[in-house]
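Visitor: starting from these lines, generate the structure:
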Amino acid sequence: MSISVVILAAGQGTRMKSTKPKVLHEISGKPMLFHAIDAAQQISDDIVVVLYHQAERIQTQIEEVYEGVRFHMQDAQQFPGTGGAMKGVTTRHSRTLILNGDMPLITKASLEALTSGDADINMSVIELENPNGYGRVIIEEGKVLEIVEQKDCTPEQLEVKTVNAGIYAVNTALLERYIPQLDNNNAQKEYYLTDIVKMAVEEGRTVHPVYVAEEEFKGVNSKLDLAHAEEIMQRRIKEALMMQGVIMRLPQTIYIDCRAEFEGECILENGVSIQGESRLVNAHIKAGSVIEDSHIEDSDVGPMGRIRPGTTLKGTHIGNFVEVKKSTLTGVKAGHLAYIGDATVEEGSNIGAGVITCNYDGKKKYQTKIGKNVFVGSDTQLVAPVTIEDDVMIAAGSTINKNVEKGALAISRAPMKTIKNFFYKFFGAS
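Guide: Here you go, the predicted structure:
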């Protein structure tokens with residue numbers, strides 16, 4: 001690959017009104033900066049992220065996920081602005097693409113378009129029906145002549161609908177020469193990256209406009225922008241999955257993490273949430289159910305089921321109001337109102353209504369092991385650590401705190417007492 005990518009992520013993001021760095025706010029399960037890195041990795045093996053505000057926190061999170069990303073710590077106090085962010089940045093290839101870390105909706109196709117051709121600078125531009133508030137990009141004969149801030153536009157220039165989208169692909173040698181020349185002699189006292197366009201035009205260099213979709217180049221600067229970007233990302237994810245063969249009932253009510261994977265015949269009913277690195281194979285997830293970081297195969301869940309992280313379901317039926325956490329169930333039925341946590345349950349077993357694995361003693365979590373063809377009666381508490389061997393029946397209402405051997409019936413109930421005429425004595429009725 002002959003393209004280097006610089007991702008600008010040094011800003012404070014004050015409009016986000018959060019102590020979390022702006023670029024770490026998540027969209028569809030992944031920090032927005034990571035979406036930009038993912039796109040960049042599809043076209044480049046040299047990626048530099050420019051950091052300043054909470055730099056260590058951002059770098060640590062990136063390094064937990066990505067290898068080979070380089071970092072440039074910028075002094076944004078001394079060098080404010082987009083041009084200032086590029087001061088001292090070095091890249092390895094002959095062409096450098098400059099991205100913004102708050103543009104999570106960018107796609108590989110757009111990046112390829114921006115880096116194609118042999119112009120000295122490729123500049124992203126957008127046609128807006130209402131460009132009010134934006135600087136205008138003046139283009140003649142397919143070349144950018146200048147960028148004019150709205151307040152400086154002539155009446156004719158105000159009619160121009162082409163605006164700057166803020167992404168540039170630049171001849172690296174040219175960039176290395178222009179960046180040191182940038183100054184902050186302006187009202188904002190900032191270094192502007194747009195000035196490299198002016199320098200290039202003045203030198204007779206070619207600045208080529210690349211028309212891009214507004215949707216992809218939306219900057220995320222506030223919680224409102226974050227919500228809008230989430231809607232767009234969710235639409236993309238779900239459209240791609242439906243084209244792949246996933247059935248969705250009322251897809252606008254469904255949430256799907258960008259890391260989730262689907263295979264075979266999958267059905268998602270309305271109100272479903274698929275979170276984290278979940279994998280669904282031939283799965284039917286019914287209305288209102290939540291799946292978190294779990295593997296669901298040849299199984300159905302819900303309605304109103306909750307599958308928590310670390311769970312594997314194979315050939316299993318999970319009914320309404322059943323919660324499963326960090327457990328492996330194979331060929332199991334748990335029809336309603338149960339909690340199964342830190343457990344393994346084997347083929348042919350049935351978990352009755354109101355059954356609970358008591359896996360936590362206030363200090364530690366413990367395992368419950370249930371073998372094959374076990375019938376666990378309703379309202380049973382299984383106090384871990386405990387092992388229920390194959391072919392066992394547990395009577396309804398039992399509290400099981402000892403291992404049960406194969407083939408046995410386990411029952412623990414207080415003897416039932418009946419006191420005749422107690423109702424009448426208590427209420428004084430005749």
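
Visitor: now the top helix by length along the chain: buried residues?
Guide: Using DSSP state H, we find that the single longest helix of the chain is helix 223-244. For helix 223-244, a neighbour-count test (16 or more other Cβ atoms under 10 Å) marks 225-226, 229-230, 232-234, 237-238, 241 as buried. No exception for glycine: its C-beta is placed from N, CA and C like everyone else's.

Visitor: next structured bit after it?
Guide: Proceeding N to C from helix 223-244, the next assigned helix or strand is strand 247-248, under DSSP states H and E.

Visitor: helices or strands next to whichever helix or strand comes after that next one in the packing?
Guide: Next along the chain after strand 247-248, taking DSSP H and E as the criterion, comes strand 255-256. Judged by 3 or more Cβ pairs under 8 Å, 6 or more residues apart in numbering; DSSP states H and E, the packing partners of strand 255-256 are helix 223-244, strand 273-275.

Visitor: nearest to Gly397, out of those?
Guide: Taking Cβ to Cβ as the criterion, Gly397 comes closest to strand 273-275 out of the helices and strands packed on strand 255-256, the separation being 33.8 Å.

Visitor: now the helices and strands packed on strand 255-256 in a markdown table, with mean pLDDT and distance to Met393?
Guide: Below are these laid out as a markdown table (pLDDT from 0 to 100; distance: least, Cβ to Cβ, whole Å):
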| stretch | mean pLDDT | distance to Met393 |
| --- | --- | --- |
| helix 223-244 | 97 | 43 |
| strand 273-275 | 98 | 36 |
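
Visitor: on that earlier part again, kindly export the longest helix of the chain (C-alpha atoms) in PDB.
Guide: C-alpha atoms of helix 223-244 as PDB (Å, rounded to 0.1, in the frame of the first residue of the first chain):
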ATOM      1  CA  LYS A 223     -24.800  13.800  21.800                       C
ATOM      2  CA  LEU A 224     -27.400  14.700  19.200                       C
ATOM      3  CA  ASP A 225     -24.900  14.100  16.400                       C
ATOM      4  CA  LEU A 226     -24.000  10.800  18.100                       C
ATOM      5  CA  ALA A 227     -27.600   9.700  18.000                       C
ATOM      6  CA  HIS A 228     -27.900  10.600  14.300                       C
ATOM      7  CA  ALA A 229     -24.700   8.700  13.400                       C
ATOM      8  CA  GLU A 230     -26.000   5.700  15.400                       C
ATOM      9  CA  GLU A 231     -29.200   5.700  13.300                       C
ATOM     10  CA  ILE A 232     -27.200   5.800  10.100                       C
ATOM     11  CA  MET A 233     -24.800   3.100  11.200                       C
ATOM     12  CA  GLN A 234     -27.700   0.900  12.400                       C
ATOM     13  CA  ARG A 235     -29.500   1.200   9.000                       C
ATOM     14  CA  ARG A 236     -26.300   0.200   7.200                       C
ATOM     15  CA  ILE A 237     -25.700  -2.800   9.500                       C
ATOM     16  CA  LYS A 238     -29.300  -4.100   9.200                       C
ATOM     17  CA  GLU A 239     -29.600  -3.500   5.500                       C
ATOM     18  CA  ALA A 240     -26.400  -5.500   4.900                       C
ATOM     19  CA  LEU A 241     -27.600  -8.300   7.100                       C
ATOM     20  CA  MET A 242     -31.000  -8.500   5.500                       C
ATOM     21  CA  MET A 243     -29.400  -8.700   2.100                       C
ATOM     22  CA  GLN A 244     -27.300 -11.500   3.600                       C
END
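
Visitor: out of the helices and strands packed on strand 255-256, nearest to Gly29?
Guide: Here strand 273-275 is closest among these (Cβ to Cβ), at 6.7 Å.

Visitor: mind checking what helix or strand follows the closest one in sequence?
Guide: strand 279-281.

Visitor: pairing partners for that next one, with directions?
Guide: strand 261-263 (parallel), strand 295-297 (parallel) (DSSP bridges).

Visitor: of those, which stretch is the most buried?
Guide: Greatest average neighbour count among the strands paired with strand 279-281 goes to strand 295-297 (a mean of 21), per mean count of other Cβ atoms under 10 Å.

Visitor: pLDDT of whichever helix or strand comes after that one, averaged?
Guide: Where DSSP H and E defines the elements, the next helix or strand beyond strand 295-297 is strand 300-301. Mean pLDDT, strand 300-301: 98.

Visitor: run through who's touching strand 300-301.
Guide: Under the criterion Cβ atoms under 8 Å, 6 or more residues apart in numbering, residues 283-286, 289, 291, 307, 313, 317-318 lie in contact with strand 300-301.

Visitor: who does that strand pair up with?
Guide: strand 284-285 (parallel), strand 317-325 (parallel).

Visitor: and the next helix or strand after the shortest one, what does it pack against?
Guide: Taking DSSP H and E as the definition, the helix or strand that follows strand 284-285 towards the C-terminus is strand 290-292. Contacting strand 290-292 under the criterion 3+ Cβ pairs under 8 Å, 6+ apart are the following elements: strand 273-275, strand 306-307.

Visitor: could you identify which of those strands is most buried?
Guide: strand 306-307 (a mean of 25).

Visitor: and it, which strands flank it?
Guide: strand 290-292 (parallel), strand 317-325 (parallel).

Visitor: make a markdown table out of these and add distance to Phe71, mean pLDDT and mean neighbour count.
Guide: Converted to a markdown table, these look like this (distance: least, Cβ to Cβ, whole Å; pLDDT from 0 to 100; neighbours: other Cβ atoms under 10 Å):
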| stretch | distance to Phe71 | mean pLDDT | mean neighbour count |
| --- | --- | --- | --- |
| strand 290-292 | 31 | 98 | 23 |
| strand 317-325 | 37 | 98 | 22 |
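
Visitor: need the ones you listed in CSV with distance to Ser4, can you?
Guide: Output for the strands paired with strand 306-307, formatted as CSV (distance: least, Cβ to Cβ, whole Å):
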stretch, distance to Ser4
strand 290-292, 37
strand 317-325, 45
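
Visitor: now stretch 16-27: buried residues?
Guide: 16, 21-27.

Visitor: out of those, flag the one nearest to Ile267.
Guide: Looking across the buried residues of stretch 16-27 and measuring by Cβ to Cβ, the closest to Ile267 is Ile27, at 25.4 Å.

Visitor: can you name the residues bridging to Thr344?
Guide: Under the criterion used (DSSP bridges), Thr344 bridges to Thr328, Lys369.

Visitor: Gly264: how many residues sit nearby?
Guide: Gly264 has 12 neighbours, counted by other Cβ atoms under 10 Å.
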